[in-house]
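In: model this:
(chains A, B, C and D)
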2 protein chains.
Amino acid sequence: METALDMTFAALADPTRRRILTMLLEDDMAVTDVAEPFDISLAAVSKHLGILTRAGLISQEKRGRVKWCKLEPDALKAASVWMQGFGQFEPVNLDAFEQFLGDLLGEGRGEDPSP
Amino acid sequence: METALDMTFAALADPTRRRILTMLLEDDMAVTDVAEPFDISLAAVSKHLGILTRAGLISQEKRGRVKWCKLEPDALKAASVWMQGFGQFEPVNLDAFEQFLGDLLGEGRGEDPSP
DNA sequence: GCCATCGTCAACCAGACGGTTGAATATGGA
DNA sequence: TCCATATTCAACCGTCTGGTTGACGATGGC
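Out: Sure, this is the predicted structure:
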């Protein structure tokens, strides 16, 4: 049986999907617009969005002929809580977050969760 | 290129590996002892431990003929920080954590990160 | 009504994943 | 020295994953 936590972490394991999530952090987007910055087919992006939707990380609503994608941050909450159960590190503060973003730059681009 | 975040989330996506992490939360363990509660082969557990090690979530140290596995919670920190970048939910408090554990019971066993 | 646009579906492919088994490599104890 | 214990390695298997392409169903503009 595949639990919610399984699906959440599996969804987050792909860099394309994480990048999509950070894009949606700024604003809701249509599928075509989500796909625009990527070098893969629209069908591939559509699959990624399906995985994110099944994991509950985003929701999709069709208005007219365009389907809008919206971030659902509450799904991240469960995963975040799971990790914090390990509790051996203090709640994250903004300073640590900024520093982490700096570290990230050396590792790969398009990962940053903030504008 | 496979980033650290890729490996962390992929490692967390498997329920066997999450259960191993919660076991190691209580104490360091030898590979054989880690494998004991599982219905899979020792070799399979050894592979899981390799994945957790490569993701930096645990470390392994050989003392004598037994290899000890130790939780490395700092690796979870990066992933936790990434998620908190979405910041639309407040830092987790203990009450929410207890409630979450309650919710989890209906979903699958062996997932709980606390004793 | 017609055509372009938005998005998904279906079939396919290469490669990774989780598991198995059996052999191999330490190491410790008698 | 010999044997049992602890762990990994290597080869293999079925299934899932991320990608492609081409055809297809809706919807909106003209």
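In: Can you list the low-confidence ranges for chain A?
Out: Confidence mapping of chain A against pLDDT under 70 gives the ranges A:87-115.
In: Helices along that one, start to end?
Out: Residue ranges of the helices in chain A, as given by DSSP state H, are A:4-12, A:15-26, A:31-35, A:42-54, A:74-84, A:94-105.
In: Between those, which one is closest to DNA strand D.
Out: The stretch from the helices of chain A with the least distance to DNA strand D (CB to the nearest atom of the strand) is helix A:42-54; that distance is 3.4 Å. Glycine gets a C-beta too; all of them are placed from N, C-alpha and C.
In: Please name every helix or strand in contact with the closest one.
Out: With contacts taken as 3 or more CB pairs under 8 Å, 6 or more residues apart in numbering or on different chains; DSSP states H and E, helix A:42-54 sits against helix A:4-12, helix A:15-26, helix A:31-35, strand A:58-63.
In: So which bits of that helix are buried?
Out: Applying a neighbour-count criterion of 16 or more other CB atoms under 10 Å in any protein chain shown, the buried positions in helix A:42-54 are A:45, A:48-49, A:51-52.
In: Let me know the closest of those to B:F38.
Out: Nearest to B:F38, judged by CB to CB, of the buried residues of helix A:42-54 is A:I51 at 27.3 Å.
In: count of residues packed around the closest residue to A:I40 other than its chain neighbours?
Out: Of all residues beyond its chain neighbours, the one nearest A:I40 is A:T16 (7.4 Å), with distances taken as CB to CB, 6 or more residues apart in numbering or on different chains. A:T16 is surrounded by 14 other residues when neighbours are defined as other CB atoms under 10 Å in any protein chain shown.
In: same check, this time on A:M7
Out: Using other CB under 10 Å, the number of residues around A:M7 comes to 19.
In: Go ahead and confirm it touches A:A55.
Out: Yes - the pair A:M7 / A:A55 is scored as a contact, 4.2 Å apart, by CB atoms under 8 Å.
In: Geometric centre of chain A: which residue is closest?
Out: Residue closest to the average C-alpha location in chain A (CA atoms, centre = their mean): A:L21, at 3.0 Å.
In: List, one by one, the residues from chain A near DNA strand D.
Out: Contact residues (CB under 7 Å from any atom of the strand) of chain A with DNA strand D: A:10, A:13-14, A:16, A:39-41, A:43-44, A:47-48, A:51, A:64-65.
In: Check the residues you listed and tell me the two furthest apart.
Out: Taking CB to CB as the measure, the residues of chain A next to DNA strand D span a maximum distance of 33.3 Å, between A:A13 and A:G64.
In: Counting neighbours, go ahead and name the busier of these two.
Out: In terms of neighbours (other CB under 10 Å), A:A13 is the more surrounded of A:A13 and A:G64; the figures are 19 against 6.
In: So that one sits against B:A10, correct?
Out: Yes - at 4.0 Å, A:A13 counts as touching B:A10 under the criterion of CB under 8 Å.
In: Give the intersection of the neighbour lists for these two.
Out: Applying CB atoms under 8 Å, 6 or more residues apart in numbering or on different chains, one finds that no residue jointly contacts A:A13 and B:A10.
In: Chain neighbours aside, what residue packs nearest to A:A35?
Out: Leaving aside its chain neighbours, A:A35 sits nearest to A:V45 (4.0 Å; criterion: CB to CB, 6+ apart).
In: Spit out the contact partners of the residue in chain A positioned nearest to DNA strand D.
Out: For chain A, the residue closest to DNA strand D is A:G64, as judged by CB to the nearest atom of the strand, at 2.7 Å. Applying CB under 8 Å, 6+ apart to A:G64 gives no contacts.
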